[in-house]
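Chemist: no sequence on hand, only this structure:
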């Protein structure tokens with residue numbers, strides 16, 4: 001068994017951190033420990049093992065859950081609050097404390113541990129005063145905040161943990177105190193649940209869009225290994241990153257699926273690529289194993305993409321020292337180890353930083369959106385029915401035929417196309433069409 005620290009949670013001054021336990025069978029299990037001595041926190045560990053792991057929860061979900069509980073314990077430490085002792089004694093979180101907790105969950109961990117937050121550690125303050133200090137973290141009263149869905153996820157995980165903790169303790173509460181204890185825990189849980197933010201954005205309507213045609217053209221030109229604008233110096237790295245982005249754009253697969261591609265999954269005689277789920281793969285040495293969230297499927301490769309893969313494998317990858325010890329298609333160019341999620345993210349970070357015209361939120365998933373936009377346009381030009389389009393899209397994306405995700409992409413394209421047609425009609429009534437054709441006045 002190998003223990004690996006989660007560097008994303010290892011910040012200076014935090015009394016806790018998350019560590020990965022990597023077992024011989026490939027299972028990856030996150031555990032919340034004290035930073036000073038590496039000892040697990042008893043109750044969070046029991047909760048994760050007995051309840052979550054017993055339900056077969058995926059390792060990445062366990063990690064998100066552990067990080068939320070870490071956030072809870074860090075907040076309690078900053079408040080000088082012995083959370084577990086308070087809950088055992090029936091001193092449940094007050095409304096000001098719950099409001100302070102909800103505010104804290106809206107912040108990145110680094111922001112929560114900022115200089116202003118550390119000022120509060122020296123003495124115990126009231127929940128009302130703590131809330132006011134949170135409100136004044138920045139001139140606009142909001143400070144650095146995470147996305148609403150992240151805040152909601154944290155609060156839901158914390159709610160579930162506190163529900164389990166207090167329900168478990170209820171079994172040893174004296175008979176005469178049980179009614180009061182049950183009433184207090186319910187008020188606390190109801191108050192926390194009421195602070196879980198509700199997302200008002202309608203699905204797919206205001207979601208991230210794919211790349212505009214001119215931006216896509218710019219990106220394709222820039223990642224060409226021969227381009228003077230290519231931000232990478234090494235020829236091999238240029239070739240690898242071009243192939244990586246072309247696979248994302250041409251196949252619409254997720255980042256975990258791309259990083260999970262093995263050479264034996266590629267059939268260049270039939271020009272196909274097999275996308276396989278391989279959770280807890282014992283042969284994958286990466287501490288964060290890139291996972292395939294969708295179904296297994298075999299995708300066709302164009303001649304051009306197949307040639308690009310063949311060139312990379314035979315002319316570039318085979319020269320990377322260390323890459324011969326594994327069969328993952330994408331490897332780190334310095335060590336030869338399978339490309340990590342961190343290295344993958346760095347590719348897009350460098351692209352965003354190097355080219356001002358590229359979107360600030362350019363990422364792998366935007367390539368997936370771009371694929372879906374192009375697929376919608378193709379289906380529209382072929383006159384494919386909505387039902388058949390949904391089935392085709394669902395197979396290629398790895399979704400079940402009953403999934404509403406495919407229908408959402410169709411609806412979004414329909415809305416965009418309807419907007420374009422409406423503008424064209426309006427222009428025809430005002431004579432703007434003629435001006436556009438003549439170049440305006």
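Modeler: Everything's here; your move. As the structure is a prediction and not an experimental result, all values here were calculated from the model.
Chemist: need the strands for the protein, in chain order.
Modeler: For the chain, the strands defined by DSSP state E cover 2-5, 16-22, 28-34, 266-267, 272-275, 297-300.
Chemist: what's the closest of these to residue 111?
Modeler: Nearest to residue 111 among the strands of the chain is strand 16-22 (16.9 Å), distances taken as C-beta to C-beta. Yep, even glycine has a C-beta here, placed from its N, CA and C like the rest.
Chemist: what strands line up against the closest one, and which way round?
Modeler: strand 2-5 (antiparallel), strand 28-34 (antiparallel) (DSSP bridges).
Chemist: hey, least reliable of the ones you listed by pLDDT?
Modeler: Of all these, strand 2-5 carries the lowest average pLDDT, namely a mean of 48.
Chemist: circling back: out of the strands of the chain, nearest to residue 183?
Modeler: strand 28-34 (29.4 Å).
Chemist: centre of the chain versus that closest one, how much separation?
Modeler: 19 Å (C-alpha atoms, centre = their mean, to the nearest Å).
Chemist: with stretch 359-370 instead?
Modeler: How far stretch 359-370 lies from its chain's middle: 13 Å, per C-alpha atoms, centre = their mean.
Chemist: do the same with stretch 233-245
Modeler: Relative to where its chain is centred, stretch 233-245 has its mean C-alpha point 24 Å off (C-alpha atoms, centre = their mean).
Chemist: same deal with stretch 16-33?
Modeler: 19 Å.
Chemist: run a quick neighbour tally on the nearest residue to residue 148 once chain neighbours are set aside.
Modeler: Of all residues beyond its chain neighbours, the one nearest residue 148 is residue 197 (4.7 Å), with distances taken as C-beta to C-beta, 6 or more residues apart in numbering. Per other C-beta atoms under 10 Å, the neighbour tally for residue 197 reads 15.
Chemist: ok, residue 197 to residue 253 distance?
Modeler: 31 Å (C-beta to C-beta, to the nearest Å).
Chemist: how about residue 156?
Modeler: From residue 156 to residue 253 the distance is 29 Å (C-beta to C-beta).
Chemist: ok, now residue 196?
Modeler: 32 Å.
Chemist: out of these two, which sits in the more crowded spot?
Modeler: residue 253 (27 against 17).
Chemist: show the pLDDT at the more buried one.
Modeler: The model reports residue 253 with a pLDDT of 92.
Chemist: okay, the residue lying closest to it once chain neighbours are set aside: pLDDT?
Modeler: In space, residue 253 comes closest to residue 275 once its chain neighbours are excluded; the distance is 6.4 Å by C-beta to C-beta, 6+ apart. If you check residue 275, the pLDDT there is 90.
Chemist: I'd say residue 275 and residue 257 touch.
Modeler: Yes - Residue 275 is within contact range of residue 257, at 5.2 Å (criterion: C-beta atoms under 8 Å).
Chemist: the more surrounded of these two?
Modeler: Using other C-beta under 10 Å as the criterion, residue 275 and residue 257 rank with residue 257 on top: 26 against 21.
Chemist: how about a markdown table for the strands of the chain, with distance to residue 326 added?
Modeler: Output for these, formatted as a markdown table (distance: least, C-beta to C-beta, whole Å):
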| stretch | distance to residue 326 |
| --- | --- |
| strand 2-5 | 17 |
| strand 16-22 | 16 |
| strand 28-34 | 17 |
| strand 266-267 | 15 |
| strand 272-275 | 17 |
| strand 297-300 | 22 |
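Chemist: which one of the ones you listed lies closest to residue 247?
Modeler: Nearest of the strands of the chain to residue 247, taken as C-beta to C-beta: strand 272-275 at 8.2 Å.
Chemist: which residues are contacting that closest one?
Modeler: 251, 253, 257, 260-261, 265-267, 292, 294, 296-301, 398 (C-beta atoms under 8 Å, 6 or more residues apart in numbering).
Chemist: I'd assumed residue 337 was in contact with residue 285.
Modeler: Yes - assessed by C-beta under 8 Å, residue 285 is found in contact with residue 337 at 6.7 Å.
Chemist: joint contacts of the two?
Modeler: Both residue 285 and residue 337 are in contact with residue 326, where contact means C-beta under 8 Å, 6+ apart.
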